[in-house]
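*Asks:* Fold the following for me, if possible:
(one chain, ligands or ions: 1)
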Amino acid sequence: MGKIAIVIHGGAGPDSAFIKQNKERYEEGLKQAVVSGYQVLKTGGTAVAAVEKAVQSLEDNGIFNAGHGCALNNKGEVEMDAAIMNGENLKAGAVSMVRNVKNPISLARLVLEKTNHVLISGYGAMEFAADENVPLETDSYFISEHSRDEYLEERNQQSIQEMLRKRIHGTVGAVAVDAKGNVASATSTGGIPNSLPGRIGDSCIIGSGCFANNNTCAVSSTGDGEFIMTSVVAHSVSMSTEIMKGSLQEICDHVIHERNKGTEGQMGVIAVNANADIGISFNSPRMHRAWIDADGKLGGSIY
Ligand code: GLY
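*Replies:* Predicted coordinates for the structure are as follows:
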């Protein structure tokens with residue numbers, strides 16, 4: 001049996017009073033999610049199943065910007081993106097602009113497993129969700145007290161352009177390697193608060209917010225989606241392992257701090273390879289994260 005490991009994130013970006021006040025709740029949510037994914041690996045489950053499980057837990061939590069705790073767009077509505085990728089066969093599934101789907105990451109996995117497509121959006125994704133009988137929730141389920149307060153407070157005080165410039169964001173993600181040496185990644189988000197309706201971020205874009213290849217590594221990105229997309233961050237980490245020497249940690253640091261040096265974008269990545277090496281890097285004031293490494297050691301941090 002090969003080494004197993006899992007890393008998760010709950011978003012990278014600026015710090016805030018809300019994050020400070022809720023530090024323990026964030027830490028507990030991260031721990032619960034990483035342990036739930038690790039249990040899948042520990043009982044012989046696949047890396048794909050483990051990253052789905054960990055991200056489901058984060059989507060269900062309500063404090064992270066995904067699923068139950070989604071950010072609201074400038075119409076006060078929720079639009080969610082998610083992607084999952086299997087490093088064994090380079091198959092991926094993603095959904096964009098979905099509403100009412102309790103766990104967008106599970107819908108993305110169904111796209112991976114049951115269709116010949118990679119990314120389905122909007123009404124088509126919703127029809128697919130209905131055909132597959134995935135659990136749905138009412139609009140209000142996705143709107144937490146915090147995201148509603150944040151939306152109303154900001155709407156009352158600032159123009160839409162000012163709000164967009166504040167770059168408040170979050171995303172959740174997981175990467176894992178299973179006992180067979182297969183890696184997988186998963187990413188899910190409610191997007192950027194107060195964004196224009198119809199805006200799609202990096203999380204559902206394979207190669208930007210999510211990438212996995214057994215020969216390189218699995219990566220999940222978080223942060224300013226527009227910069228992550230144009231820098232193709234997740235694939236950059238993967239490709240850099242093919243052309244650079246150094247540990248996975250050094251390669252993640254290179255992509256975030258050297259390759260993207262000077263960017264205005266705040267971003268972070270988590271990565272794992274088939275040898276269960278871990279890489280975590282970010283250029284923002286904080287990135288919520290947790291991991292269980294090849295020795296079974298649990299760790300985590302926000303700053
Ligand atoms: N990184 C999440 C987003 O920009 O939508």
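*Asks:* Hmm, residue 273 is touching residue 219, no?
*Replies:* No - with contact defined as CB atoms under 8 Å, residue 273 does not count as touching residue 219 (9.9 Å). Bear in mind the C-beta positions are built from the backbone N, C-alpha and C, glycine included.
*Asks:* out of those two, which sits in the more crowded spot?
*Replies:* Ranked by neighbour count (other CB atoms under 10 Å), residue 273 and residue 219 place residue 219 first, with 36 against 26.
*Asks:* State the helix or strand in which that one lies.
*Replies:* Residue 219 is part of strand 218-223, with elements assigned from DSSP states H and E.
*Asks:* what does residue 149 give?
*Replies:* Assigned by DSSP H and E, residue 149 falls within helix 145-157.
*Asks:* Mind checking the pLDDT average for that helix?
*Replies:* Mean pLDDT, computed over helix 145-157, is 69.
*Asks:* and if you look at stretch 279-287?
*Replies:* The average of the pLDDT scores along stretch 279-287 is 97.
*Asks:* Tell me if that stretch is near the ligand.
*Replies:* No - using CB under 6 Å from any ligand atom, stretch 279-287 stays clear of the ligand, coming no nearer than 11.2 Å.
*Asks:* mind listing what the residue nearest to residue 207 when sequence neighbours are not counted touches?
*Replies:* Of all residues not flanking residue 207 in the chain, residue 235 sits nearest, at 3.8 Å (CB to CB, 6 or more residues apart in numbering). Contacts for residue 235 (CB atoms under 8 Å, 6 or more residues apart in numbering) come out as 207-208, 211, 219.
*Asks:* what do you get for residue 125?
*Replies:* By CB under 8 Å, 6+ apart, the contact set of residue 125 is 95-98, 101, 107.
*Asks:* Pull the residues that contact the lengthiest helix in the chain.
*Replies:* Across the chain, the helix with the greatest residue count (assigned by DSSP state H) is helix 23-42. Residues from elsewhere that reach helix 23-42, judged by CB under 8 Å, 6+ apart: 4-8, 10, 19, 46-47, 49-51, 53-58, 61, 63-64, 172, 174, 176-179, 288-292, 298, 300, 302.
*Asks:* how far out from the middle of the chain is stretch 233-248?
*Replies:* A distance of 19 Å separates the centroid of the chain from that of stretch 233-248, by CA atoms, centre = their mean, to the nearest Å.
*Asks:* Could you write out the alpha-carbon coordinates of it in CSV?
*Replies:* Below are the C-alpha coordinates for stretch 233-248, written out as CSV (Å, rounded to 0.1, in the frame of the first residue of the first chain):
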residue,chain,number,x,y,z
VAL,A,233,-1.9,28.8,-12.1
ALA,A,234,-2.8,25.1,-11.3
HIS,A,235,-1.3,23.9,-14.6
SER,A,236,1.7,26.1,-14.1
VAL,A,237,2.5,24.2,-10.9
SER,A,238,2.0,20.9,-12.6
MET,A,239,4.1,21.8,-15.6
SER,A,240,6.9,23.3,-13.4
THR,A,241,7.4,20.0,-11.7
GLU,A,242,8.3,18.6,-15.2
ILE,A,243,10.8,21.3,-16.1
MET,A,244,12.2,22.4,-12.7
LYS,A,245,14.3,20.8,-10.1
GLY,A,246,13.2,21.2,-6.4
SER,A,247,10.6,19.9,-4.0
LEU,A,248,6.9,20.3,-4.5
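*Asks:* model confidence over that stretch, on average?
*Replies:* Here stretch 233-248 scores 97 as its mean pLDDT.
*Asks:* List the buried residues of it.
*Replies:* Neighbour counts over stretch 233-248 (16 or more other CB atoms under 10 Å) mark 233-241, 248 as buried.
*Asks:* Any residue of it touching the ligand?
*Replies:* No - using CB under 6 Å from any ligand atom, stretch 233-248 never reaches the ligand; the gap is at least 9.9 Å.
*Asks:* now swap in stretch 64-73 and tell me
*Replies:* No - using CB under 6 Å from any ligand atom, stretch 64-73 never reaches the ligand; the gap is at least 8.0 Å.
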